[in-house]
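> What would the 3D arrangement of this be:
(one chain, ligands or ions: 1)
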Amino acid sequence: MPAIVVGGARAQSASPRPPLRIVSYVFRVALPDSGGAFAAQAVVGLRRAKAGPDSLVLDLVGLTVDSVTAPGATRAARHGRRPFAYDGREIRVALGPRRGAGVETVTVFYHGAPTDGLFLRPDARGRPSAFADDWPDRARDWIPSVDDPADKAPVRWEVSVPAGWEVVANGRFMRREPAASGRATWIYDERRPIPTYTMVLGAGRMTISRHRPAVLGNDSVPIEVWAEPEDSAFADSVPFRRATEIVETMERLVGPFPFEKLAQVESSTRYGGMENSTAIFYPEQPYVARRLTEGVVRHETAHQWFGDAVTERDFHDLWLSEGFADYFAVVVGAALDGDSVMQRGMAGLMRGYLRSPVVGRPLVDSAETVLTRLLNANSYNKGACVLHMLRRTVGDSAFWRGIRAYYREYRDSSVTSADFERVMERAAGRQLGWFFAEWLHQPGYPQLDVAWRWDSAGHRLSIDLAQVQPAAWGRFTLPALTLEFSSGSGQAIRRTVALSSARQSVQWDVPQRPTDVRVDPDGDWLLTAQVHPQP
Ligand SMILES: [Zn+2]
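From the prediction side, this is the model:
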């Protein structure tokens, strides 16, 4: 999602997960003709290790569990109703002895009026609608799940809705089955494992616009724009005009689109955009006000690769999702519209970070327990700057080789910052521990004091560089810091210095006394510099 956020904050659960893995979900959801309550079934497929647990614990908050079915205790005993315990936060189901390494299924029948996660309410024009909004841990407010980004799974949706409603959900559209009284069931199938925080449905009266599919080799990805009928023409022609080109640019830079289709959906999300796998949700107000722009579309689209296909194992590594999305929003913008987008975009991200209240905290802030507070300028702006600086450190070809390898290797799984570091080290053919230690784990950024002196007799320019940031931030290494000297006449002269110490002095032959000395003129590094002549 983009950086603007409202709403509540829950602490991340610290309890370790048992050696049990969810391998599939099927959600059968019946949305009501009116009112805020729904009824549903969740079929949860799981695999257990040999010495795995003898019970399944699912997150589900504040609803009513009617019954649970599971395999019987013996081979002869049929799948049937089993006792369960539900305390309003977790469902516990006894599994009986494990028989073989196969998939076991547990079905939860439940109903209720969710207070979060799924919102049944009128759209901007007063028509009934239903939209889920799960980040970071609100999937559990409406679907029984192991609600943890480390446990991704494929998901199938079977959503029954009143007459006249359209339904969008994760994955490929399979079919629409008409039923009695005008109702219909829409079936979607997402075969790739996705995080629960992106498992969504959206339903209501919508206009579906099919754009040109994104094509890469023999692969073709359907691109759809779903909007309220009044907003459809605006959506097609302004924010999503280049929805296909954005996907194709990401494919060229990073690798194939990770899923079966991409729907860009007007919804009731609380976020400025929410990167649900294959069905990105945007809030309706910017459509109604006709001010939704392409920047947010590039950000959310980039999340399909980074966040959805390659998912942070732990929310403290949120920069692997948000920093990447912010960076690729700029990179894709530059690929479509030219390099000035890159410079302007990075300068904006740096400015936003420098004036944020989190500069004194490390980017990977393990001490933060409130997940929504991780939606900050460290995860977003500084995360994007880290990628840009890494690119400057290892060079373009190693950077892109590394990014593509990282996506290829970790697509469909969950990762840590250390996984990314390892792939980039391999691509660059050198140790980068120092880089990640300084930028992910030290707070702050280099604050430079740059004093210069020109010797008119020898035509020598002497420069003293000092890192003057607070001691608690530590020291930074800038492998290639550019300095630019201009005088009234002639071309500006550029020289590069490898900065690694707290204090460093350099001297160069410069024919004229500079009238201006600039540090990092291209904005390659996240830093501030005070430049002044020495008497
Ligand atoms: Zn985002």
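
> Report all helices and strands that the one helix or strand in the chain whose mean pLDDT sits lowest contacts.
Of the helices and strands making up the chain, the lowest-confidence element is strand 80-81, at a mean of 89, by mean pLDDT, DSSP states H and E. Contact here means 3 or more C-beta pairs under 8 Å, 6 or more residues apart in numbering; DSSP states H and E; on that basis strand 80-81 packs against strand 64-70. Placement of C-beta: from N, CA and C, glycine included.

> for the strand it packs on, the distance to its chain's centre please.
33 Å (C-alpha atoms, centre = their mean, to the nearest Å).

> Which positions in that strand come out as buried?
Across strand 64-70, burial judged by 16 or more other C-beta atoms under 10 Å covers 65, 68, 69, 70.

> Check these against the ion and report the nearest one.
residue 65 (32.9 Å; C-beta to the ion).

> Work out for me the element the nearest residue to residue 67 once chain neighbours are set aside sits within.
On the basis of C-beta to C-beta, 6 or more residues apart in numbering, the spatially nearest residue to residue 67 that is not a chain neighbour turns out to be residue 109, at 4.8 Å. Under the criterion of DSSP states H and E, residue 109 resides in strand 104-112.

> Give me the residues contacting that strand.
When contacts are defined by C-beta atoms under 8 Å, 6 or more residues apart in numbering, strand 104-112 is touched by residues 37-48, 56, 58, 60, 62-71, 79, 91, 93, 95, 98, 144.

> Convert the C-alpha atoms of the helix or strand just after that strand to CSV, please.
Past strand 104-112, heading to the C-terminal end, the next element that is a helix or strand (DSSP H and E) is strand 118-122. Presented in CSV, the C-alpha positions along strand 118-122 are these (Å, rounded to 0.1, in the frame of the first residue of the first chain):
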residue,chain,number,x,y,z
LEU,A,118,-14.8,-7.7,5.6
PHE,A,119,-16.9,-4.6,5.1
LEU,A,120,-20.6,-5.0,4.0
ARG,A,121,-21.7,-1.4,3.4
PRO,A,122,-23.0,1.0,0.7
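
> Pull up the pairing partners for strand 118-122, direction included.
Each strand that strand 118-122 pairs with, and the sense of that pairing, follows from DSSP bridges: strand 128-132 (antiparallel).

> Throw the buried residues of strand 64-70 into TSV and include distance to the ion and pLDDT, thanks.
TSV is the format used below for the buried residues of strand 64-70 (distance: C-beta to the ion, whole Å; pLDDT from 0 to 100):
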residue	distance to the ion	pLDDT
65	33	98
68	35	97
69	38	95
70	37	90
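
> Out of the residues you listed, the closest to residue 533 would be?
residue 65 (73.8 Å; C-beta to C-beta).

> for the closest one, what are its contacts?
For residue 65, the contact set (C-beta under 8 Å, 6+ apart) comprises 84, 86, 91, 108, 109, 110, 144.

> now with 6 Å?
Contacts for residue 65 were tallied using C-beta atoms under 6 Å, 6 or more residues apart in numbering; they are 86, 91, 110.

> Would you agree the second one is in contact with residue 56?
No - shown here, residue 91 and residue 56 do not form a contact pair, counting by C-beta atoms under 6 Å, at 8.0 Å.

> how about the residues of the protein near the ion?
Among all residues of the chain, those adjacent to the ion (criterion: C-beta under 5 Å from the ion) are 1, 322, 325.
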